[in-house]
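K.L.:
Give me coordinates for this.
(one chain, ligands or ions: 2)
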Amino acid sequence: MDGWSPSSWSTKPIKQEVSYGDKEGLQNALVKLQRLPPLVTPHEVVNLKRSLRNVALGDAFVLQGGDCAELFDYCNQEMIEAKVKLILQMSLILIWGANKPVVRIARIAGQFAKPRSSPVETVDGVTMPAFRGDNINGFDANLASRTPDPSRLVSAYFHSAATLNYLRAALDSGLADLHSPLDWGLGHVVTPSIKEKYEKIVTRVTDSLRFMRTAVGLHDDRRIETVDIYTSHEGLMLEYEQSLTRLLKHPPGAEQQQRQDQSTTTAAETPLIQSGYYATSGHFLWIGDRTRQLSGAHVEFFRGISNPIGIKIGPTMEPSELLTLLDTVNPTREIGKVTLISRYGASKIAQYLPAHIKAVQSAGHLPVWQCDPMHGNTRATPSGVKTRHFTDILSELKQALEIHRAHGSFMGGMHLELTGEAVTECVGGAAGLTEDGLSERYETFCDPRLNEKQALELAFVVAGFYRDEMEERP
Ligand code: PEP
Ligand code: CO
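P.N.:
Residues are numbered from 1 along each chain as shown. Ligands and ions are numbered 1, 2, ... in the order given. The predicted structure follows:
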């Protein structure tokens, strides 16, 4: 690729840069990261890419969700299980609703670094660097903790590795066994209507599995026992991403051999793994809304990696700029290589999304369109607490679905900030959380997240939109 290398980003202007005083410490951390094994493999990355291709073509749905800012402290059995179970439950509801396979991507095992609107903040009269995420500095409001510490990059790797290790082991041991989805537990959810709806869906799924086993004779159902969950994070810290980017080299003729293998019995199983550079810190990386400048460092890094990538787009994105960006990161127009994560806000989506869809269609790109109904709908309460209203979140999702449909496009998925914990950070939902109730369990270190109940409720409502759409079709 012309002029690209894993480090070519460093010659470009960069936004949200972290400046380390301890240069030697940074160098040591990066050398260590370069020696450590990849966290994910090109084989897995390519499997996800193939699934996202199906989403772009309208044959599958993608659910992406997790914390806004993951903390090292979240690396524990209970919290990992709660999040994974929630994503699995939501995906089950969406499979039922959209009648399509659901690709699951968690914002986990690496979602540490955060872009900030201001690099500093003043606490009790002292101005100090803002909290930039656990892989950069500490949340405690004092100068020592807020000073960027390069050894946190290595800690980020090990916390990602431990989270991923438990995630893989738990899935492999049957955490997501579709034969017993009732065991997935509804945790803190006590709303009878949600419990009842979920249990009905579960009964239907279990019935169809039984039918497949008995009537159709599907005995080899190992594939039903485990499901895939991919990992993702914002690719903000390019020093870290570069250190974990690895070149996959094939001996001459290997790709041809793979093609031959594909033409035999394993066609559906074996994706074509191309040689090239793979970011191995997670399966899916995205560029944030603040770092997507065409000539900037982040776009430069992202254009050279073989992973499926996301780009956040909002009201400040010009349609022509979007096309140049797509041509830059995906010149071969690979279907589903790019996920456009739109985040306009409920009151702005109708103004901006149609022009973005039309531009992309006219240029012949086929991305995954994913609606992020969170980041355009953040507001502050009169007392200054950051929150989001359930009705705004729903409204943006509903509008996204309708606008895509009206333009012959497909809303392929949703991108949510959520947690398996019973937090009180977003207003609304069936439990009727009010602004006054926010202080009860307001625990986020960045943006407000949907709690388990609100997330499940959202999945039901979105599933309902799809079912209504199906019923309306002639
Ligand atoms: C995020 O996803 O947490 C985020 C910072 O989003 P955006 O780049 O869209 O503001
Ligand atoms: Co966020």
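K.L.:
Now do His407 against Tyr230, distance only.
P.N.:
From His407 over to Tyr230 the distance is 28 Å, taken as CB to CB, to the nearest Å. From N, CA and C alone the C-beta is placed, and that goes for glycine too.
K.L.:
doesn't Ala355 make contact with Ile313?
P.N.:
No - judged on CB atoms under 8 Å, Ile313 makes no contact with Ala355 at a distance of 11.2 Å.
K.L.:
Now for these two: what residues contact both?
P.N.:
By CB atoms under 8 Å, 6 or more residues apart in numbering, Ile313 and Ala355 have no common neighbours.
K.L.:
Show me which residues of the stretch 1-150 of the chain sit near ligand 1.
P.N.:
Within the stretch 1-150 of the chain, the positions near ligand 1 by CB under 6 Å from any ligand atom are 68, 115.
K.L.:
so who does the residue in the chain that ligand 1 sits nearest to touch?
P.N.:
Of the residues in the chain, the one nearest ligand 1 is Gly288, at a distance of 3.2 Å by CB to the nearest ligand atom. By CB under 8 Å, 6+ apart, the contact set of Gly288 is 16, 115, 234, 236, 298, 312.
K.L.:
residues in contact with the nearest residue to Ser232 once chain neighbours are set aside?
P.N.:
Closest residue in space to Ser232, ignoring its immediate chain neighbours: Phe284 at 3.9 Å, by CB to CB, 6 or more residues apart in numbering. Contacts of Phe284 were listed using CB under 8 Å, 6+ apart, and they are 48, 64, 105, 230-232, 307-310, 339.
K.L.:
Switch these over to TSV; also include distance to Ala463 and neighbour count.
P.N.:
Below are those laid out as TSV (distance: CB to CB, whole Å; neighbours: other CB atoms under 10 Å):
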residue	distance to Ala463	neighbour count
Leu48	23	24
Gln64	16	23
Ile105	18	29
Tyr230	21	23
Thr231	24	25
Ser232	22	28
Asn307	29	26
Pro308	24	28
Ile309	27	22
Gly310	23	27
Thr339	21	27
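K.L.:
want to throw those into a markdown table with pLDDT, secondary structure and distance to ligand 2?
P.N.:
As requested, those are exported to a markdown table (pLDDT from 0 to 100; DSSP: H, G, I helix; E, B strand; the rest coil; distance: CB to the ion, whole Å):
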| residue | pLDDT | secondary structure | distance to ligand 2 |
| --- | --- | --- | --- |
| Leu48 | 97 | helix | 22 |
| Gln64 | 98 | strand | 12 |
| Ile105 | 98 | strand | 15 |
| Tyr230 | 97 | strand | 19 |
| Thr231 | 98 | strand | 17 |
| Ser232 | 98 | strand | 13 |
| Asn307 | 98 | coil | 21 |
| Pro308 | 98 | coil | 20 |
| Ile309 | 99 | strand | 18 |
| Gly310 | 99 | strand | 13 |
| Thr339 | 99 | strand | 16 |
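K.L.:
How far does the host helix or strand of Ala82 sit from its chain's centre?
P.N.:
Using DSSP states H and E, Ala82 maps to helix 77-98. Between the centre of helix 77-98 and the centre of its chain there are 14 Å (CA atoms, centre = their mean, to the nearest Å).
K.L.:
Asn54 touches Gly336, doesn't it?
P.N.:
Yes - between Asn54 and Gly336 there is a contact under CB under 8 Å: 7.3 Å.
K.L.:
out of those two, which sits in the busier spot?
P.N.:
The residue with more neighbours, out of Asn54 and Gly336, is Gly336; 23 against 19, by other CB atoms under 10 Å.
K.L.:
Let me see the contact set for the more buried one.
P.N.:
Here Gly336 is in contact with 49, 52-57, 308, 366-368 (CB under 8 Å, 6+ apart).
K.L.:
which of those residues tops the neighbour count?
P.N.:
Tallying neighbours with other CB under 10 Å puts Leu52 at the head of those, with 30 neighbours.
K.L.:
Is that residue located within a helix, as I assumed?
P.N.:
Yes - counting by DSSP: H, G, I helix; E, B strand; the rest coil, Leu52 is part of a helix.
K.L.:
Need the pLDDT of Ile273.
P.N.:
Confidence at Ile273, expressed as pLDDT, is 88.
K.L.:
Which helix or which strand is home to it?
P.N.:
Secondary structure (DSSP H and E) places Ile273 outside all helices and strands.
K.L.:
I'd like to know how many residues surround it.
P.N.:
When neighbours are counted by other CB under 10 Å, Ile273 comes out with 20.
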